[in-house]
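> sharing a model prediction with you, sequence too.
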Amino acid sequence: MRTPILPITTDRRAFTLVEMVAVVIIIGVLASIVFPHLGGLMPKNALRAAANEVLGMVALARSQARLKQYDIDLTYDIDRNSIRIESFVVERDGVATLVEKPETLMSIRISEGIRIKQVHYGESKVAANGTTTATFRASGAVGEHMVVLENEDRGTVSIFVPALTGAAFVAGEGSSYAEIRSGRRLQ
């Protein structure tokens with residue numbers, strides 16, 4: 001009896017060792033190109049995230065002042081790298097009472113790796129340590145100021161808070177108070 005001869009097939013269902021090594025080498029080369037560039041994005045992303053935290057606190061303080069119809073303080077604690085929303089008016093049982101020590105409505109600590117570098121009030125007054133306070137009025141207006149945040153790579157971003165509206169915006173990387181003011185006048 002004859003044994004059947006099986007046909008030789010060209011249908012391959014597996015990878016050869018050479019193909020797998022080639023793919024691993026290609027992935028390694030691509031990773032060595034991409035990963036160093038990703039590290040440079042992290043500090044910038046952290047800076048943007050911290051700027052958004054500041055924008056959120058400014059917007060919340062402004063909305064609280066407009067909603068409650070009394071002054072709300074936004075306190076920048078540069079040494080502790082934090083921001084607090086405070087009020088000298090406390091409501092209990094529907095009655096608003098003036099207190100000597102402000103009540104903290106909300107507090108945040110700025111993201112890790114980012115610090116509050118300075119708070120500018122005009123071109124001449126700059127706070128670089130301690131605490132400084134901007135007060136939102138019932139109309140939403142506030143003393144014009146600019147908060148400068150800095151990351152570990154010394155990159156900066158400025159958050160500008162205009163006086164009349166109190167509607168803060170990110171002014172840009174490395175922008176000075178004078179540049180922002182002159183740019184706003186031109187618009």
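Good, I have the coordinates.

> direction included, what does whichever strand or helix holds Ser87 pair against?
Ser87 is part of strand 82-92 when elements are defined by DSSP states H and E. The strands beside strand 82-92 in its sheet (DSSP bridges) come out as strand 72-77 (antiparallel), strand 95-109 (antiparallel).

> hey, what's Ser82 bridged with?
Asp77, Arg109.

> that one contacts Met106, doesn't it?
No. Assessed by CB atoms under 8 Å, Ser82 is found out of contact with Met106, at 10.8 Å. The way it works is simple: take the backbone N, C-alpha and C, and place the C-beta from them, glycine included.

> and the two? Which one has more around it.
For Ser82 versus Met106, the count of surrounding residues by other CB atoms under 10 Å is larger for Ser82: 16 against 13.

> from Gly94, how far off is that one?
31 Å (CB to CB, to the nearest Å).

> one more: Asp79?
Asp79 is 37 Å from Gly94, by CB to CB.

> what about the two, which has more around it?
Neighbour count, other CB under 10 Å: between Asp79 and Gly94, Asp79 has more, with 11 against 5.

> which residue is nearest the centroid of the chain?
In the chain, the centroid-proximal residue (CA atoms, centre = their mean) is Ala50; its distance is 2.1 Å.

> got the CA coordinates for the helix or strand containing Leu149 in PDB?
Here Leu149 sits within strand 145-151, counting by DSSP H and E. The C-alpha coordinates for strand 145-151 follow below in PDB (Å, rounded to 0.1, in the frame of the first residue of the first chain):
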ATOM      1  CA  HIS A 145      -3.600  91.800  38.600                       C
ATOM      2  CA  MET A 146      -1.500  89.200  37.000                       C
ATOM      3  CA  VAL A 147      -0.400  85.800  38.400                       C
ATOM      4  CA  VAL A 148       2.900  84.400  37.100                       C
ATOM      5  CA  LEU A 149       3.300  80.600  37.500                       C
ATOM      6  CA  GLU A 150       6.700  78.900  37.000                       C
ATOM      7  CA  ASN A 151       7.600  75.300  36.400                       C
END
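
> same for that strand, what does it pack against?
helix 17-68, strand 114-121, strand 156-161 (3 or more CB pairs under 8 Å, 6 or more residues apart in numbering; DSSP states H and E).

> helices and strands of the protein: which one bottoms out on pLDDT?
Lowest by mean pLDDT, DSSP states H and E among the helices and strands of the chain is helix 177-186, with a mean of 63.

> where in this protein is pLDDT low?
Residue ranges of the chain with pLDDT under 70: 1, 3-12, 32, 34-43, 172-175, 182-187.

> for Gln69, see how far away the closest residue to Met146 other than its chain neighbours is.
Using CB to CB, 6 or more residues apart in numbering and skipping the chain neighbours, the partner closest in space to Met146 is His120 (4.4 Å). His120 sits 28 Å away from Gln69, taking CB to CB as the criterion.
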